[in-house]
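> Just the structure for this:
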Amino acid sequence: MSSIQPIPMKFRVPEIAFPKGWYCVAEADEISADTLKPVSYLNQQLIVYRTQSGAAQVADAYCPHLGAHLASHDGCIENGAIVCPFHKWKWDGEQGHCVDIPYAGIPQSRSLSLTLHPTREIDGMVLMWYHPANAAPDFEPYVSSALQQHKWVLFDSIEWVSTCPYRDLYENLFDTAHIVQLHGASKMPVLRSMEQRAHGLYVDYEIDPSAEQFSMKSLTAHFTGVTALNQLFEGEGWATNFVISTTPLDNERFIEKVRLYVRDLGSKEMNEMIGKPWIERFKFEVEQDFKVLNYKKHLPQPKLCGGDGPIYQYREYANQYYV
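Reported below is the predicted structural model:
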């Protein structure tokens, strides 16, 4: 463990800013229609729940009446209505408007409303739209076509809290030199193509079977803006799919969560044979990265050389999400 401590982010990044985009705030199997899940991300207190129709929804956690946290004490959701623990005002979970003030005897009011956030449930995650100026979503998150086909098993998931500058996390994947110098790979990865798509960035990697631990046929990556990543590895008779989300907690820290799906090979033993070495390798390399990234500074004008990889190409892509 390093004895140094990361200095505050205001000294390590050009500005404190969360990029616009879709952020994971819960796992889909963690929420229900009869429970308010309190979470804290992006310097905000939020609640996550399901509406009566079964749709996932994210809302601000504080009651617009007098500021009670809606998931505190006996705050709850009943028959699709969120009940404040303080004065028992009720709010429609689907539309947000006030449906009852028990001691005032007034009808429903659409002028009084909770702040609801655009929400999507995708690939086992609940994603919330964030924009620093509260603008509406201008793109949709990536949905894994691979996970919609065949049968997949969620083999394992791991999460880390990181103090890496947020801009530098996914940029690290385009720093091809560190794959050899830090991780000890025999060759630098080669990006066959980088292509802007509606959801973000598509990357296709050139595969050199002799340089890989596993015999691979293809590796492709889909970025949802700069807030989530789907990596699909395919080989002869097997496939793994990493679903990765990165969500800031506050100005200093974010959570990275990795979910490993294995294409079902028909038995627990066979799935273990594929899944175990993949998750162990991924965990080892991520933790190697964070030993450096957690303390680094984002340099707006780094002194790059020819072998560093397409870092500036990635930055050009990423800049569109910083408003």
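> Just give the nearest non-adjacent residue to residue 81, would you?
The shortest distance from residue 81 to any non-neighbouring residue, by C-beta to C-beta, 6 or more residues apart in numbering, is to residue 90 (4.4 Å). Just so you know, the C-beta spots here come from the backbone N, C-alpha and C atoms, and that holds for glycine as well.
> An error on my part: the question was meant for residue 257.
Of all residues not flanking residue 257 in the chain, residue 159 sits nearest, at 4.1 Å (C-beta to C-beta, 6+ apart).
> How is that neighbour classified with respect to secondary structure?
strand (DSSP: H, G, I helix; E, B strand; the rest coil).
> where does the residue nearest to residue 81 sit relative to residue 77, distance-wise?
10 Å (C-beta to C-beta, to the nearest Å).
> neighbour-wise, which of the two wins?
Taking other C-beta atoms under 10 Å, residue 90 and residue 77 do not tie; residue 77 has more neighbours (24 against 19).
> pLDDT score for the residue nearest to residue 257?
Residue 159 is assigned a predicted lDDT (pLDDT) of 98.
> Return every residue with contacts to both of residue 90 and residue 77.
Taking C-beta atoms under 8 Å, 6 or more residues apart in numbering as the contact criterion, the common neighbours of residue 90 and residue 77 are residue 83.
> returning to what we had before: separation between the residue nearest to residue 81 and residue 48?
18 Å.
> try residue 280
Remark: distance between residue 280 and residue 48 (C-beta to C-beta) = 31 Å.
> more neighbours, the two?
Using other C-beta under 10 Å as the criterion, residue 280 and residue 48 rank with residue 48 on top: 25 against 11.
> buried ones in the host helix or strand of that one?
Per DSSP states H and E: residue 48 is located in strand 44-50. With burial defined by 16 or more other C-beta atoms under 10 Å, the residues of strand 44-50 counted as buried are 44, 46, 47, 48, 49, 50.
> try stretch 230-243
230, 231, 232, 233, 234, 235, 238, 239, 240, 241, 242, 243.
> go on, stretch 282-300?
Neighbour-count burial for stretch 282-300, counted by 16+ other C-beta under 10 Å, picks out 282, 286, 289, 290, 293, 294, 298.
> can you give me the angle the helix or strand following the strand holding residue 48 makes with strand 44-50?
Per DSSP H and E, the first helix or strand lying C-terminal to strand 44-50 is strand 56-60. Angular relation of strand 56-60 and strand 44-50 on a 0 to 180 degree scale: 150 degrees, by axes from the mean of the first three to the mean of the last three C-alpha atoms, to 10 degrees.
> May I have strand 56-60 as CSV, with CA atoms only?
Coordinates of each C-alpha in strand 56-60 appear next as CSV, following Å, rounded to 0.1, in the frame of the first residue of the first chain:
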residue,chain,number,x,y,z
ALA,A,56,-37.3,1.7,-12.7
GLN,A,57,-37.3,5.4,-11.6
VAL,A,58,-34.8,7.7,-10.0
ALA,A,59,-35.9,10.8,-8.1
ASP,A,60,-34.4,13.5,-5.8
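> what packs against that strand?
The helices and strands touching strand 56-60, judged by 3 or more C-beta pairs under 8 Å, 6 or more residues apart in numbering; DSSP states H and E, are strand 44-50, strand 116-117, strand 119-122, strand 125-130.
> circling back: Serialize the buried residues of strand 44-50 to CSV and add fields for pLDDT and distance to residue 303.
Below are the buried residues of strand 44-50 laid out as CSV (pLDDT from 0 to 100; distance: C-beta to C-beta, whole Å):
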residue, pLDDT, distance to residue 303
44, 98, 37
46, 98, 41
47, 98, 46
48, 98, 43
49, 98, 49
50, 98, 50
